[in-house]
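Peer 1: next one to model:
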Amino acid sequence: MQITVWIDRADWNCCGEPFQPGSQVTWELRRDIDTAWLSEALGPDVAAGVDAFQYHHSHTDMVIEPASGTVARIQAVHWKTDPQTGTVRGSGVLTDVADAERGAANRGELTFEGFLVDLEV
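Peer 2: Residues are numbered from 1 along each chain as shown. Below is the predicted model:
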C-alpha cells in the first residue's frame, strides 16, 4: 500500500535523516491535521491526497502512529507567501527531486515549504 506523507520544512530542518527514493524509513505520523492550508497553496485535489504528516515533536494529546516503508517518490513543495495575508492561493509548485536534504533552496519568490513523499508501507 502507498501513502502520501507531508514533511513540513520547520520539522524537517531541525530533525530527521536525509533520504531518497529507495530509502527505508521509519517515521512517526499524524493523520489528524487539517489540510485546509495545504489546499490553499496546492489545491484541494493535492491536499486530499495527503494521508499523513511526519511529525517529530509530539505532545501527549496527539495520536502518533509509527510507520516503516520504502520511499517511492519525493516532491519538493514551494509556494509564494505574502507577509500580510500568508500563503498566496494557488501559487504552489511541486517538483520531483532525487533526494531530501536539509536546507532545500527557495526558487525565486517561491519559498521551500516541505516535501510530499510517496511511501510504500
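Peer 1: which residues of this structure fall in helices?
Peer 2: 9-14, 36-42, 44-48 (DSSP state H).
Peer 1: so which of these is nearest Gly69?
Peer 2: Proximity to Gly69 (CB to CB) singles out helix 9-14 among those, at 17.4 Å. C-beta: built from backbone N, CA, C; applies to glycine.
Peer 1: who are the packing partners of that closest one?
Peer 2: strand 111-120 (3 or more CB pairs under 8 Å, 6 or more residues apart in numbering; DSSP states H and E).
Peer 1: buried residues in the strand it packs on?
Peer 2: Thr111, Phe112, Glu113, Gly114, Phe115, Leu116, Val117, Asp118, Leu119 (16 or more other CB atoms under 10 Å).
Peer 1: so which of these is the closest to Thr26?
Peer 2: Leu119 (10.6 Å).
Peer 1: got any ranges where this protein has weak pLDDT?
Peer 2: 57-62 (pLDDT under 70).
Peer 1: how far does stretch 96-115 sit from its chain's centre?
Peer 2: How far stretch 96-115 lies from its chain's middle: 11 Å, per CA atoms, centre = their mean, to the nearest Å.
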